[in-house]
Every structure is written in C-alpha cells, then in structure tokens.
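Colleague: Okay, here's the prediction I keep looking at, along with the sequence it came from:
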Amino acid sequence: MANELQQTLARIINKSNILVEKYHALENANAMLANENKQLLEDIEQMKKDNEQMHQEIEYLKMARVLAPNLDDVASARATISKLVRDIDKCISQLNE
C-alpha cells in the first residue's frame, strides 16, 4: 500500500513538473509573440505615416501637373508649391506657439 502511494505520488510529481515546464515554455512563447506584435504595430504606424506622405506627394504632383503641363514648368510649380507648404507650416507652428 505504501509502495502504491509512493508510485502515485511520483507520477503526480512528474506530471506537475511537466506542466510547469510547459507553462514556462508557453510563457516564453507569449513574451516573444508580444514583442513581435509590438514591433509589427510600430511597423504599421511607420507604414501609415509613409503612406500618408506618399498620398500628399501625389496630390502635390497632381497640382503641379495641372498648373504646369510641361516638364520645365512642373519643376518650377513643384518648387513654388513646396515653398507655399513650408510657409503654411511655419504659420501653423507660429499660431501654435
């Protein structure tokens, strides 16, 4: 009887050790996935910013094309629009101060 209890106790201890090992493995995997998730969210935010910037550049190019149909005029119009945008940004920053 005592021998059976010792065997049962040994099996319970072995199973609990296995469960603890699995728990630690899952905990490590969870931490790695959380870090990967954080990195991917940061990547998404950067891509959103890049996407917005590209959309803005497309709009500038569309305006430049409408304002100046030939290539020489496009460069001049692009420079003018860029200067206007910088001036507007300066005004906004001054208003925010």
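Modeller: Looks like it arrived, so ask away. Numbering: from 1, shown residues only.
Colleague: Could you check how far residue 6 is from residue 13?
Modeller: To residue 13, residue 6 is 10 Å away according to CB to CB, to the nearest Å. For every residue, glycine as well, the C-beta is placed using N, CA and C.
Colleague: And residue 35, by the same measure?
Modeller: When residue 35 is compared with residue 13 (using CB to CB), they lie 33 Å apart.
Colleague: Which secondary structure state does residue 75 sit in?
Modeller: Residue 75 falls in the helix class when you classify it by DSSP: H, G, I helix; E, B strand; the rest coil.
Colleague: how far away is it from residue 43?
Modeller: Taken as CB to CB, the span from residue 75 to residue 43 is 34 Å.
Colleague: next one: residue 95
Modeller: 33 Å.
Colleague: So if I had to pick from these two, which one is more boxed in?
Modeller: residue 43 (10 against 7; other CB atoms under 10 Å).
Colleague: How confident was the prediction at the more buried one?
Modeller: Residue 43 carries a pLDDT score of 94 in this model.
Colleague: got it, and residue 79?
Modeller: 84.
Colleague: State the helix or strand in which it lies.
Modeller: helix 71-96 (DSSP states H and E).
Colleague: where along this structure do the helices fall?
Modeller: 2-67, 71-96 (DSSP state H).
Colleague: quick revisit: and the helix holding residue 79, what does it pack against?
Modeller: Packed against helix 71-96 by the contact rule (3 or more CB pairs under 8 Å, 6 or more residues apart in numbering; DSSP states H and E) you find helix 2-67.
Colleague: between the helix it packs on and helix 71-96, how many degrees?
Modeller: Between helix 2-67 and helix 71-96, the angle formed by their directions is 120 degrees, by axes from the mean of the first three to the mean of the last three CA atoms, to 10 degrees.
Colleague: For helix 2-67, name the packing helices and strands.
Modeller: helix 71-96.
Colleague: Mind listing what's buried along the helix it packs on?
Modeller: 77, 78, 81 (16 or more other CB atoms under 10 Å).
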